[in-house]
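Asks: please find the sequence and the predicted model below.
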Amino acid sequence: MIEKTVTVKNRAGIHARPAALIVKTANGFSSNLYIERDTMKINGKSIMGIITLGASFKTELKIIVEGTDEQEAAEAIEQLFINRFEE
């Protein structure tokens, strides 16, 4: 299991397009992905779950990845946050 803390760096926060990018990236791996915000823990392969987090600019989230390709999956998801979802 890999845990990483990421910060939402794009001004608009996580809306439909960034959520779709997270889901698309996560579905490219067999590992399970979870995203935590405060007491909420959602499936990172669910676009509706990600949107319900209500993650705005500068929100800190915890990424939890479990599975055979967890290292690669965690790095790919973290890179989306670093690159501000290419916005």
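Replies: Okay, I see it. Bear in mind that the values here come from a model prediction, so they are computed numbers and not experimental data. Numbering: from 1, shown residues only.
Asks: after the host helix or strand of residue 35, which helix or strand is next?
Replies: When elements are defined using DSSP states H and E, residue 35 is found to belong to strand 32-37. Moving toward the C-terminus from strand 32-37, the next helix or strand (DSSP H and E) is strand 40-43.
Asks: now stretch 1-14: buried residues?
Replies: Neighbour-count burial for stretch 1-14, counted by 16 or more other Cβ atoms under 10 Å, picks out 2, 6, 8, 10, 13, 14. For every residue, glycine as well, the C-beta is placed using N, CA and C.
Asks: spatially nearest residue to residue 15 (excluding sequence neighbours)?
Replies: Leaving aside its chain neighbours, residue 15 sits nearest to residue 51 (7.3 Å; criterion: Cβ to Cβ, 6 or more residues apart in numbering).
Asks: hmm, back to that, what mean pLDDT does the strand holding residue 35 get?
Replies: Here the mean pLDDT over strand 32-37 is 98, rounded to a whole number.
Asks: and the contacts of the longest helix seen in the chain?
Replies: Using DSSP state H to define each element, the chain has its longest helix at helix 70-82. Judged by Cβ atoms under 8 Å, 6 or more residues apart in numbering, the contacts made with helix 70-82 from elsewhere in the structure are 1-2, 4, 6-9, 18, 21-22, 25-26, 28-29, 31, 33, 44, 63, 65, 67.
Asks: so of these, which ones are in strands?
Replies: If you go by DSSP state E, the contacts of helix 70-82 have 2, 4, 6, 7, 33, 63, 65 in strands.
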